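A.B. asks: Build the 3D model from these lines:
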Amino acid sequence: MSDYPLLNGFLTMLWFFLWIMWLMLLFRVITDIFRDDALSGWGKAGWTLFVCVLPFLGVFVYLIARGRGMGERAIRQAQTQEQAFRSYVREAAAEAPGAGSSRADELAKLAGLHDHGQITDTEYEQAKAKVLAA
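C.D. replies: Sure, this is the predicted structure:
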């Protein structure tokens, strides 16, 4: 026989997951406090102190007073990060050797130069080997 019934196990798991959700909410609020550029340093210090000293009351008051802006700031940060990522990818692709053209395009250009007699057979083979090795 077990001294810990199934309902007690369920309630323990419920409290555990509620505690995890509470911690996630607490850290989200603290992150939002420091993410907000409109708050002064004293405002950030005050909200952080309020949330740390009286966590339940502090978090709920913060959500009531500034909850709407939390979503807007999160969206703005996600858009900024996405724009930065896209510009980095564009810059990296532009700096890559042979950017903007594939191997097939380069081989077609080489074949055209060779067919028109602008490069010799040896030069064509060397350039072709270089393109295929890249």
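A.B. asks: and the helix ranked longest in the chain, how far from the chain's centre?
C.D. replies: In terms of residue count, the longest helix belonging to the chain (DSSP state H) is helix 55-95. For helix 55-95, the separation from the chain centroid amounts to 10 Å (computed by CA atoms, centre = their mean, to the nearest Å).
A.B. asks: Run through the neighbouring helices and strands of that helix.
C.D. replies: helix 6-35, helix 41-53 (3 or more CB pairs under 8 Å, 6 or more residues apart in numbering; DSSP states H and E). Glycine gets a C-beta too; all of them are placed from N, C-alpha and C.
A.B. asks: which of the residues in the first one are buried?
C.D. replies: Translated: helix 6-35. Of the residues in helix 6-35, those buried by neighbour count under the rule 16 or more other CB atoms under 10 Å are 26, 29-30, 32-33.
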